[in-house]
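Peer 1: missing the sequence, but the structure's below:
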Ligand code: ADP
Ligand code: 5GP
């Protein structure tokens, strides 16, 4: 219905299942969505590729991107920088795709401030114990990093209520559908349909005395 794509931000504790959810959503509705690929200064995990999961950058290169105004937002998370390249997001939205940024809280709030129509979704596992189990089960981080991420989760929980919607990732399949429904419902917002509204008003003018 609406003319251009929706901008949706998905945040949640590390280990909540955001990456897993995004993968499943994009697989199921690949024509509908574009997932923004961030720049980061952290090291690639096993199996990650430059340009697929992230653009892996040195700190110097990352700082140059900030200075050149190439990032919509950037933030420091557990010792590394992360940021969203601007061009891709705007191009995809203009092409009518719904764009998803999978970013942490400081970045999410900055995006909302700059673009108030952004949909903010917070993904959480059903419990703290399940979060810890998923982080360990993933097997990609050292014990020290897991502890850091759990500590960070406790801080992040303070910001959950600044998000528009909460999604509990219990059954993965159900959560994918809920996320899809939530994002698609944004296309019905009046603010996303100013062209249609203007046309309708214009057509109805003919019926005025
Ligand atoms: P995030 O991207 O939020 O850090 P991941 O997508 O890497 O989290 O998921 C963390 C771990 O939890 C992974 O091992 C993943 O397979 C598992 N996981 C994700 N979603 C679910 C779910 N709904 N039920 C059980 N395990 C899940
Ligand atoms: P990870 O190292 O586990 O891939 O990501 C760590 C955190 O950084 C996650 O919460 C992830 O959502 C967030 N993140 C990824 N890309 C960006 C980004 O471009 N900007 C911000 N602000 N956070 C990001």
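Peer 2: Received it, and whenever you're ready, just let me know what you need. Keep in mind the model is a prediction, meaning the values are calculated, not measured. Ligands and ions are numbered 1, 2, ... in the order given.

Peer 1: what does the protein have sitting close to ligand 1?
Peer 2: By Cβ under 6 Å from any ligand atom, the residues of the chain that approach ligand 1 are 12, 14-20, 134, 137-138, 169, 172. Heads up, the C-betas are built off the backbone N, CA and C, glycines and all.

Peer 1: which residues touch the closest residue to ligand 2 within the chain?
Peer 2: The nearest approach of the chain to ligand 2 comes at residue 107, 2.3 Å away (Cβ to the nearest ligand atom). Residues in contact with residue 107, defined by Cβ atoms under 8 Å, 6 or more residues apart in numbering, are 9, 73-75, 82-84, 101.

Peer 1: what residues are up against residue 99?
Peer 2: By Cβ under 8 Å, 6+ apart, the contact set of residue 99 is 5-8, 33-36, 89, 92-93.

Peer 1: and after the helix or strand harbouring residue 101, which helix or strand comes next?
Peer 2: Element membership of residue 101, judged by DSSP states H and E, is strand 98-102. Note on strand 98-102: by DSSP H and E, the next helix or strand toward the C-terminus is helix 105-114.

Peer 1: For the helix or strand just after that following helix, buried residues please.
Peer 2: Toward the C-terminal end, the helix or strand that comes next after helix 105-114 (DSSP H and E) is strand 119-124. By 16 or more other Cβ atoms under 10 Å, the buried positions in strand 119-124 come out as 119-124.

Peer 1: how big is the angle separating strand 119-124 from helix 105-114?
Peer 2: 160 degrees (axes from the mean of the first three to the mean of the last three Cα atoms, to 10 degrees).

Peer 1: Does ligand 2 have contacts with the helix or strand that strand 119-124 is followed by?
Peer 2: Next helix or strand after strand 119-124 toward the C-terminus (DSSP H and E): helix 128-138. No: Helix 128-138 stays clear of ligand 2 (Cβ under 6 Å from any ligand atom), getting no nearer than 9.6 Å.

Peer 1: Buried residues, helix 128-138. List them.
Peer 2: Burial within helix 128-138, assessed by neighbour count using 16+ other Cβ under 10 Å, is assigned to 130-132, 134-135.

Peer 1: Now render those as TSV, adding pLDDT.
Peer 2: Formatted as TSV, these follow (pLDDT from 0 to 100):
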residue	pLDDT
130	97
131	97
132	95
134	95
135	93
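
Peer 1: Show me which of these is closest to ligand 1.
Peer 2: Using Cβ to the nearest ligand atom, residue 134 is the member of these that lies nearest ligand 1, at 3.4 Å.

Peer 1: list the contacts for the closest one?
Peer 2: Residue 134 sits next to 15-17, 125 when contact means Cβ under 8 Å, 6+ apart.

Peer 1: Kindly provide the distance from the residue in the chain sticking out farthest from the centre to residue 110.
Peer 2: Distance from the C-alpha centroid of the chain, by Cα atoms, centre = their mean, peaks at residue 209 (49.0 Å). Separation of residue 209 from residue 110 (Cβ to Cβ, to the nearest Å): 50 Å.
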